[in-house]
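Visitor: Task: produce atomic coordinates for the following.
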Amino acid sequence: MIDLHSHVLAGIDDGPATVDGSQAMLAAAAEAGIETMLATPHVSSRYRNDPATIAAAAAALAASMDGHPSRVEVLLGAEVAATLVVELDPAELPALCLGSGPWILLEPPFASVLTGLDATVAELYERGHRVVLAHPERCQAFRRDPSQLEALIDGGALASITSGSLVGRFGSEAKRMAYALLDAGLAHNVASDAHDAHGRPPSIAAELAASGYAELQDWLTLEVPAAILADEPIPPRPAVTRRARRRLLPWMRGRR
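Guide: Here you go, the predicted model:
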């Protein structure tokens, strides 16, 4: 599996404080069947990371392995707050993309009202980037008016759900939204968004199995992320036999 969203680098955001914590996360990821982990530290008003701070943290983690590399490959990226994009130097954006491709992991605000997100996404497209939306099921505005998310997806954005949402770690509303997006074919990836080895661990397969979406595991955690990293067309979602366990939101009916 490829974990497209994690906070494995130490000391630069709300992930582990030390490289020991990073190493514990990598060990947990390996046990969970993750082979590649994208290090996506926050780039936000609170965590003013840039390509240099991210590269330095990655180098510190590599040096800490003392010649015994992890079984998990770590690639670099960032979780870029949508509200900060206008302040960033356009020349920095390529170094914040997932791997070395054009895709940016964009974090929408958690607020109940969105202002300017569609314009931000359009500006990124004009600069040659593509957009993966981080944990849209946890965005209050998308839950209040899911058609805003639908419009972004119809325009080319991808939706990445946090695995913990599928088992209720972020509340019942986020869980219901995550199920509805998957059932409607409007989710393209499930990632761990891991912050440590135990409280918010790098686990994906267990949550997919527990929520009944194991049939989609290869597509959600390998085929789509691999296409994102290689800048190749997103493969079509496979047909599945499971039936929706949650009633679809009215706007989603007819999309499956």
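Visitor: ok, the nearest residue to Pro235 once chain neighbours are set aside - how many residues close by?
Guide: The shortest distance from Pro235 to any non-neighbouring residue, by C-beta to C-beta, 6 or more residues apart in numbering, is to Glu223 (4.9 Å). For glycine as for every other residue, the C-beta is placed from the backbone atoms N, C-alpha and C. Using other C-beta atoms under 10 Å, Glu223 has 20 other residues around it.
Visitor: Kindly state the pLDDT recorded for Glu223?
Guide: The predicted structure scores Glu223 at 98 on the pLDDT scale.
Visitor: ok, now the one 10 residues further on?
Guide: According to the prediction, Pro233 has pLDDT 98.
Visitor: can you check the one 10 residues further on too?
Guide: Per-residue confidence for Arg243 comes out at a pLDDT of 51.
Visitor: Begin at 46 from now on, thanks
Guide: In the new count, where the first residue is 46, that last one comes out as Arg288.
Visitor: and the gap between the residue nearest to Pro280 and Val176?
Guide: Distance of Glu268 to Val176, computed by C-beta to C-beta, to the nearest Å: 19 Å.
Visitor: now swap in Gly257 and tell me
Guide: Distance from Gly257 to Val176, counting by C-beta to C-beta: 28 Å.
Visitor: which of those two has more neighbours?
Guide: Val176 (24 against 15).
Visitor: Contacts for whichever strand or helix holds that one next, please.
Guide: Using DSSP states H and E, the element containing Val176 is strand 175-179. If you take C-beta atoms under 8 Å, 6 or more residues apart in numbering as the criterion, strand 175-179 is touched by 49-50, 124, 143, 147-153, 166, 169-170, 194, 197, 201-205, 207, 233-234, 238, 273.
Visitor: List only those of those flagged as buried.
Guide: For these, a burial check counting by 16 or more other C-beta atoms under 10 Å picks out 49-50, 124, 143, 147-153, 166, 169, 194, 197, 202-205, 207, 233-234, 238, 273.
Visitor: Mind checking which of these land in helices?
Guide: Members of the buried ones among the contacts of strand 175-179 lying in helices (criterion: DSSP state H): 166, 169, 194, 197, 273.
Visitor: did I read that right, Leu265 in a helix?
Guide: Yes. According to DSSP: H, G, I helix; E, B strand; the rest coil, Leu265 belongs to a helix.
Visitor: nearest residue to it other than its sequence neighbours?
Guide: Closest to Leu265 by C-beta to C-beta, 6+ apart is Val235, at 4.7 Å.
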